[in-house]
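*Asks:* Return atomic coordinates for the entry below.
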Amino acid sequence: MRNVKHHIILYVFEIIILCSGFIIILNSEFNFWTQFFILGVMLFFYTVIGLLRHTKDNDMHGKVVLEYISISAIIALLFLLVNISRI
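*Replies:* This is a model prediction of the structure:
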């Protein structure tokens, strides 16, 4: 039961970070680089929380690390491509 409670806490923390970050980015008048920094912080926490979750379950593999880093890189790249005219 403790393991399920730990997962729920990590999921809630991750959802709060991602949702608040996206709300800040979408509703802000910040310049492009400030928004990109906020996105970078969000993706860093997404990766760290995901890796912590897998470490707690003894399910850490190179594929898992590569997956989290790849997803973060794809999201950052999409943000750059969508906002290319603002650079």
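*Asks:* for Ile16, helix, strand, or coil?
*Replies:* helix (DSSP: H, G, I helix; E, B strand; the rest coil).
*Asks:* By mean pLDDT, point me to the weakest helix or strand of the protein.
*Replies:* The helix or strand of the chain with the poorest confidence is helix 2-26; it has a mean of 85 (mean pLDDT, DSSP states H and E).
*Asks:* Please point out which parts of that one sit buried.
*Replies:* Along helix 2-26, the positions that meet the burial threshold by neighbour count (16 or more other Cβ atoms under 10 Å) are 14, 17, 21, 25. C-beta here means a position set from N, CA and C on the backbone, and glycine is covered the same way.
*Asks:* Would you confirm that the third one contacts Phe44?
*Replies:* Read that as Gly21. No - counting by Cβ atoms under 8 Å, Gly21 stays clear of Phe44, with 10.6 Å between them.
*Asks:* Number of residues surrounding Leu43?
*Replies:* Leu43 is surrounded by 22 other residues when neighbours are defined as other Cβ atoms under 10 Å.
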